[in-house]
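A.B. asks: what's the 3D shape of this:
(one chain, ligands or ions: 1)
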Amino acid sequence: MEPFKNRGLYIINAATEDCDLDSNTRFVKNADYLAEISGELPCDNVKEYIGDGNIPLSPFLKAADNVDDIRQVVSRLSDFSRDMLNWKMRKSTAFQLLNDGSIEYIATALSNKMGSYLYECDNDLKTLQCLQEAVLEGTKHLFIETNQDQVISGLISELASINKEQLHQLAEEMDGIDGIILAYRKIVEVFSNFMDIYPNLLPAETYHLYKDGENPKLGIATCSFSDIKTFYQDAYESIMALIYIPVCLDNIKIRGDYQNFPASLNYTFQQKNYRYMENDFKRYKSLDNGMKLSKFIDDEPFRGMVAMPANSVLRNGIGHNNIRYDGVNQKISAFDRKNHNVVKLEIKLIDMAIECLGLVKSAVMMSEILLFILRFEFGTNNIHSIIHPRFYKNSDRNDKCPCGSNKKFKKCCLNEIQEILSEKG
Ligand SMILES: [Zn+2]
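C.D. replies: Next up, the predicted model:
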């Protein structure tokens, strides 16, 4: 295992030995077992792999064996360990500073870097863009089918065409720049917590790398239900608290007014709890999460792009402790509050881990939306920031600027980007 160690993967509390891998069959020649990294009891899914004459593999290793390029997984692991160290040393400090409301020091904590480019953080907006770069860097591997940069460019160009007067009214509803920064702080907390539990979710991430057509019966040996349930619950709450933002953006985009909610909500808004409220915006915000979700259909652009994995039964099961976890079979059952014999949901641990990754992806999209609104609001005070240089790569001087300002590239970010690129060269 020495090569792994050199790449930054440390194995704690376990004996390691060199193994001799047959490069053709991928079987280990001098070992009886390939070890689990955790000390967890083998679940049913693990047991299925034992007894077919092959060396039993842990679910994670089995998953790794099913992806196209095993080297990708190994380098992913080593990248991850390096990222984690880096994260713990510098980036978590930046998150802490944001949380304390000390934006002015974040740039120093991040060494004013945006990727490999040095970047002058001479205003709060630029500092937040710099922090966002850390977020994108730490989560890019979760965007597997479509590359993260493409997804975000798509979101920004969708936002660019939104009615700016309406967007400003929405920003006012969010208590302006201070309120939006507060919302951004809440979302960044999701990433901060995510970095702590990320190792637990590696099998779920590997699952995304599966070759087409595979139907894996995957267990998860890197965590138990208790390791991820708090993250799940907190991330769910943080995103749900802001879900009105993409909903209102769809209201603007499709129905012309941020307060013009889909007709599917009319009936609810007529009910006596809501009837006497000031307006539909207040009505929507006061709906409980379950109600918000039952009307939450992913067929409108912004709600679709945020793609919140909205499993309210699981969330409420955790919140009200109406949940049973069968560790051997890795099955979670959420039962009815009043009648514990009624099971409302059964889900495998791996599926919950995959939902955790989905929550993080939703948080990435949400953070980009918040930054877009911030850029727009700061822009009215003539404060400007570029986004990461990689987003400008294929733009021509006369194209619309990729930052979403709706100005021409040459009249918006071009000079600043050229400056950064030339400094590096
Ligand atoms: Zn621009």
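
A.B. asks: in what helix or strand does Lys282 lie?
C.D. replies: For Lys282, the enclosing helix or strand under DSSP states H and E is helix 280-286.

A.B. asks: for that helix, buried residues please.
C.D. replies: Neighbour counts using 16 or more other Cβ atoms under 10 Å place Asp280, Phe281, Arg283, Tyr284 of helix 280-286 among the buried residues. Backbone N, C-alpha and C define where each C-beta goes, glycine included.

A.B. asks: need the phi and psi values for Ala134.
C.D. replies: Phi and psi for Ala134, reported as degrees, to the nearest 10, are phi -60, psi -40.

A.B. asks: now it, nearest residue through space, not along the chain?
C.D. replies: Once flanking residues are discounted, Ala134 sits nearest to Lys91: 4.8 Å by Cβ to Cβ, 6 or more residues apart in numbering.

A.B. asks: do you know the pLDDT at Arg111?
C.D. replies: Wrong residue type there; residue 111 is Ser, not Arg. Note on Ser111: pLDDT of 85.

A.B. asks: residues in contact with the closest residue in space to it that isn't next to it in sequence?
C.D. replies: Leaving aside its sequence neighbours, Ser111 sits nearest to Arg90 (Cβ to Cβ, 6+ apart; 7.3 Å). Arg90 makes contact with Ala109, Leu110, Ser111, according to Cβ atoms under 8 Å, 6 or more residues apart in numbering.

A.B. asks: just the buried residues of the residues you listed.
C.D. replies: Among the contacts of Arg90, the ones that count as buried by 16+ other Cβ under 10 Å are Ala109, Leu110.

A.B. asks: take the contacts of Arg90 and lay them out in TSV including secondary structure and distance to the ion.
C.D. replies: Below are the contacts of Arg90 laid out as TSV (DSSP: H, G, I helix; E, B strand; the rest coil; distance: Cβ to the ion, whole Å):
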residue	secondary structure	distance to the ion
Ala109	helix	26
Leu110	coil	22
Ser111	coil	24
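
A.B. asks: stretch 155-163 near the ion at all?
C.D. replies: No: Stretch 155-163 stays clear of the ion (Cβ under 5 Å from the ion), getting no nearer than 9.8 Å.

A.B. asks: then that stretch to PDB, C-alphas only?
C.D. replies: C-alpha atoms of stretch 155-163 as PDB (Å, rounded to 0.1, in the frame of the first residue of the first chain):
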ATOM      1  CA  LEU A 155     -27.700  28.600 -15.400                       C
ATOM      2  CA  ILE A 156     -26.000  32.000 -15.800                       C
ATOM      3  CA  SER A 157     -27.200  32.500 -19.300                       C
ATOM      4  CA  GLU A 158     -30.700  31.600 -18.200                       C
ATOM      5  CA  LEU A 159     -30.400  34.100 -15.400                       C
ATOM      6  CA  ALA A 160     -29.000  36.800 -17.800                       C
ATOM      7  CA  SER A 161     -32.300  37.000 -19.700                       C
ATOM      8  CA  ILE A 162     -34.400  37.500 -16.600                       C
ATOM      9  CA  ASN A 163     -36.300  40.800 -16.200                       C
END
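
A.B. asks: what about the stretch 301-425 of the chain, any weak spots by pLDDT?
C.D. replies: Along the stretch 301-425 of the chain, segments meeting pLDDT under 70 span 424-425.

A.B. asks: just so I have it, where are all the helices in it?
C.D. replies: With helices called from DSSP state H, counting those that start in this stretch, the stretch 301-425 of the chain shows them at 301-306, 312-319, 349-379, 414-424.

A.B. asks: please work out which of these is packed deepest.
C.D. replies: Neighbour counts (mean count of other Cβ atoms under 10 Å) averaged over each of the helices of the stretch 301-425 of the chain peak at helix 349-379, with a mean of 22.

A.B. asks: touching the ion at all, that helix?
C.D. replies: No: Helix 349-379 lies out of reach of the ion by Cβ under 5 Å from the ion, never closer than 8.5 Å.

A.B. asks: what's the spacing between the residue nearest to Ser111 and the ion?
C.D. replies: 28 Å (Cβ to the ion, to the nearest Å).

A.B. asks: separation between that residue and Cys130?
C.D. replies: 12 Å (Cβ to Cβ, to the nearest Å).

A.B. asks: with Tyr325 instead?
C.D. replies: Look at Tyr325 and Cys130: by Cβ to Cβ, they are 40 Å apart.

A.B. asks: more neighbours: which of those two?
C.D. replies: A direct count of neighbours by other Cβ atoms under 10 Å for Tyr325 and Cys130 places Cys130 higher, at 24 against 15.

A.B. asks: can you check the pLDDT for the more buried one?
C.D. replies: 92.

A.B. asks: which element is the closest residue to the ion within the stretch 1-150 of the chain on?
C.D. replies: Nearest residue of the stretch 1-150 of the chain to the ion: Gln129, at 11.7 Å (Cβ to the ion). Using DSSP H and E, Gln129 maps to helix 124-139.

A.B. asks: cool, and Glu120?
C.D. replies: Per DSSP H and E, there is no helix or strand for Glu120.

A.B. asks: and stretch 151-162, what's its mean pLDDT?
C.D. replies: What stretch 151-162 shows for mean pLDDT is 96.

A.B. asks: and what of stretch 264-273?
C.D. replies: Across stretch 264-273, pLDDT averages out at 89.

A.B. asks: could you tell me the end-to-end distance of that stretch?
C.D. replies: 17 Å (Cα to Cα, to the nearest Å).

A.B. asks: how far is that stretch from where the chain is centred?
C.D. replies: From the chain centre to the centre of stretch 264-273 is a distance of 32 Å (Cα atoms, centre = their mean, to the nearest Å).

A.B. asks: go on, stretch 383-396?
C.D. replies: 22 Å.

A.B. asks: if I pick the spatially most central residue of the chain, what's in contact with it?
C.D. replies: A centroid search over the chain (Cα atoms, centre = their mean) returns Val360, at 2.0 Å, as the residue closest to the centre. Counting by Cβ under 8 Å, 6+ apart, Val360 touches Thr139, Leu142, Val190, Phe191, Phe194, Ala235.

A.B. asks: and Ser286, by the same measure?
C.D. replies: Asn273, Tyr274, Met277.

A.B. asks: could you look up the SS state of the spatially closest residue to Gly319 that is not a sequence neighbour?
C.D. replies: Of all residues not flanking Gly319 in the chain, Gln233 sits nearest, at 6.3 Å (Cβ to Cβ, 6+ apart). Three-state assignment for Gln233 (DSSP: H, G, I helix; E, B strand; the rest coil): helix.

A.B. asks: what is the neighbour count of Gln233?
C.D. replies: Counted with other Cβ under 10 Å, Gln233 comes out at 16.
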